[in-house]
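# whatever this is, show me its structure:
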Amino acid sequence: MKYDLIVEDSQSKARAGVLHTAHGEIQTPIFMPVGTVGSVKAVSQPDLKHEIKAQITLGNTYHLYLRPGTDLLEQAGGLHQFINWQGPILTDSGGYQVYSLSNNRKIKEEGVVFKSHIDGSKHTFTPENVMDIQRSIGADIVMAFDECPPYPCDKKYAIDSLNITHKWLDRCFNQWNNTDPKYGYQQALFPIVQGSVYSDLRAKSAEYIANKNAYGNAIGGLSVGEPHEVMYEMTELVCNILPKDKPRYLMGVGTPANILECIGLGVDMFDCVMPTRNARNGMLFTWNGTMNMRNKKWENDFSPLDENGTSYVDSFYTKAYVRHLFVANEILALQIASIHNLAFYLELVRVTREKIIEGTFATWKNSVINTLSTRL
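Numbers count the residues shown, from 1 in each chain. Modelled structure (predicted):
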């Protein structure tokens, strides 16, 4: 695992780099499609590779642990073999799912006791067994087990949460350093910066994480309801502290505009369910803005789905037909929209990388960012 910083934009903090993993190189900045249970919803692996041009996908420890389970994943030879995806994979540690299961979990210093959302069975996650689970999954990049505080939360809660996250991080590294990969290739552990929206806590956490000298670092606990301006403020603060020679991963972000703004603050890696979740609800992202495909305005529009799109669905299907599929609740609509949105997100970061290398990123970003947020 190695990161090469290729160039930094002279008018912002945007960076272009290459992250080397056992399953291939990742050109940064990059967006990672979310394949929570080993599947990007409504999208096949061949479409991920050839149409969307995904370089890395994301799985989730909580969900994969519950189903299909680590025993089956080990029998298959790890998640790469199980899902037949030979590109890099990153796994979230399950900390965010623990956060979202607030009515079905109890947080202690030892770990988290939670009930399965599938059958109500009781389970315990500790920093140690979460590392072991991610060894069994076999992702190239794995996340430390953390506690994601809700927004808003008072400062005492944020302090207590951060203390737990840092203690858990030490235990994650101890377990990680005392275990070996199971499938013959190197895995990298990324720690996660927390601290809610309190600048002093974010700075403290970023310094603590930077001192771990990990292969890369993540920023968590944002995009959980706070205003975008606050997210940008916290992101900029943290990026100014985290080392330049390591990739920075902002978890769970976000809209095309969010991604461009945060790239300008120094972030290299992103993931979000938004392109696929919004696709299933009929919202498409384009360079001209967003389209709600259920709107009647598309009923008689026989132009291509997206004249500027990069996947086959954009020229093969018309707006009128895709609207018909959504109105008729046809499953094909979800597939078409998901492929389109993910292809757009990957095109967004590809073009962004080109602009960074050209030295025109800041000017270009300012020229397109408002249009990207327009409702068509």
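
# what's the burial count for the residue lying closest to residue 55 once chain neighbours are set aside?
What sits nearest to residue 55 in space, not counting adjacent residues and going by C-beta to C-beta, 6 or more residues apart in numbering, is residue 26, at 4.9 Å. Yep, even glycine has a C-beta here, placed from its N, CA and C like the rest. By the criterion of other C-beta atoms under 10 Å, residue 26 has 24 neighbours.

# what about residue 26, which SS state?
strand (DSSP: H, G, I helix; E, B strand; the rest coil).

# got the contact list for it?
By C-beta atoms under 8 Å, 6 or more residues apart in numbering, residue 26 lies in contact with 18, 19, 20, 55, 56, 88.

# packing partners for whichever strand or helix holds the first one?
When secondary structure is defined by DSSP states H and E, residue 18 falls within strand 15-21. Judged by 3 or more C-beta pairs under 8 Å, 6 or more residues apart in numbering; DSSP states H and E, strand 15-21 is in contact with strand 2-8, strand 24-28, helix 331-358.

# for these, which one ends up most surrounded?
Counting by mean count of other C-beta atoms under 10 Å, helix 331-358 has the highest mean neighbour count of the helices and strands packed on strand 15-21, with a mean of 21.

# name the residues of the helix or strand following that one that come out as buried.
Using DSSP H and E, the helix or strand that follows helix 331-358 towards the C-terminus is helix 361-372. With burial defined by 16 or more other C-beta atoms under 10 Å, the residues of helix 361-372 counted as buried are 361, 362, 364, 365, 368, 372.

# do the same with stretch 23-41
Buried residues in stretch 23-41, counting neighbours by 16+ other C-beta under 10 Å, are found at 23, 26, 28-36, 38-41.

# what of stretch 37-56?
Neighbour counts over stretch 37-56 (16+ other C-beta under 10 Å) mark 38-43, 45, 47-48, 51-52, 54-56 as buried.

# any idea how far it is from the chain center?
In terms of C-alpha atoms, centre = their mean, to the nearest Å, the centre of stretch 37-56 is set 14 Å apart from its chain centre.

# now do the end-to-end distance for that stretch.
Stretch 37-56 has an end-to-end distance of 15 Å (C-alpha to C-alpha, to the nearest Å).

# what of stretch 120-138?
Start-to-end span of stretch 120-138 (C-alpha to C-alpha) is 27 Å.

# ok, so of the buried residues of helix 361-372, who is nearest residue 234?
residue 365 (19.7 Å; C-beta to C-beta).

# my guess is the closest one contacts residue 260, does it?
Yes - if you go by C-beta atoms under 8 Å, residue 365 and residue 260 touch, sitting 5.1 Å apart.

# shared neighbours of the two, anything?
Going by C-beta under 8 Å, 6+ apart, residues that sit against residue 365 and also against residue 260 are residue 352.

# send me the strand holding residue 18 as CSV with only the CA atoms.
Provided in CSV are the C-alpha atoms of strand 15-21 (Å, rounded to 0.1, in the frame of the first residue of the first chain):
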residue,chain,number,x,y,z
ARG,A,15,-4.6,17.2,-5.0
ALA,A,16,-4.2,14.5,-7.6
GLY,A,17,-2.5,11.3,-6.7
VAL,A,18,-2.2,7.5,-7.1
LEU,A,19,-3.1,5.1,-4.3
HIS,A,20,-1.4,1.7,-4.9
THR,A,21,-3.2,-1.4,-3.5
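
# how distant is that strand from the center of its chain?
Worked out by C-alpha atoms, centre = their mean, strand 15-21 lies 16 Å from the chain centre.

# in it, what's buried?
Along strand 15-21, these residues count as buried under the neighbour rule (16+ other C-beta under 10 Å): 15, 16, 17, 19, 21.

# neighbours of residue 225, how many?
Residue 225 has 10 nearby residues by other C-beta under 10 Å.

# give the residue spans of the stretch 1-150 of the chain that score low on pLDDT.
Low-confidence segments of the stretch 1-150 of the chain (pLDDT under 70): 98-99, 102.

# strands along that one, start to end?
According to DSSP state E, counting those that start in this stretch, the stretch 1-150 of the chain carries its strands in the segments 2-8, 15-21, 24-28, 30-32, 57-60, 89-92, 105-107, 112-115, 122-125, 141-143.

# would you reformat those strands as CSV and include distance to residue 216?
As requested, the strands of the stretch 1-150 of the chain are exported to CSV (distance: least, C-beta to C-beta, whole Å):
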stretch, distance to residue 216
strand 2-8, 7
strand 15-21, 7
strand 24-28, 10
strand 30-32, 12
strand 57-60, 14
strand 89-92, 10
strand 105-107, 26
strand 112-115, 24
strand 122-125, 22
strand 141-143, 7
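
# of all those strands, which lies closest to residue 160?
Among the strands of the stretch 1-150 of the chain, strand 105-107 comes nearest to residue 160, with 9.6 Å by C-beta to C-beta.

# what is that closest one packed up against?
Helices and strands touching strand 105-107, by 3+ C-beta pairs under 8 Å, 6+ apart, are strand 112-115.

# surely residue 208 meets residue 168?
No - using C-beta under 8 Å as the test, residue 208 is too far from residue 168 to be in contact (11.9 Å).

# what about those two, which has more around it?
Neighbours were counted for residue 208 and for residue 168 using other C-beta under 10 Å; residue 168 has more, 27 against 19.

# got the contact list for the nearest residue to that one once chain neighbours are set aside?
Once flanking residues are discounted, residue 168 sits nearest to residue 127: 4.4 Å by C-beta to C-beta, 6+ apart. Counting by C-beta under 8 Å, 6+ apart, residue 127 makes contact with 111, 144, 145, 168, 169, 171, 172, 175.

# now those in TSV, with distance to residue 357?
Below are the contacts of residue 127 laid out as TSV (distance: C-beta to C-beta, whole Å):
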residue	distance to residue 357
111	44
144	32
145	36
168	38
169	34
171	40
172	35
175	39
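
# can you flag which of these belong to helices?
Mapping the contacts of residue 127 onto helices (DSSP state H) picks out 168, 169, 171, 172, 175.
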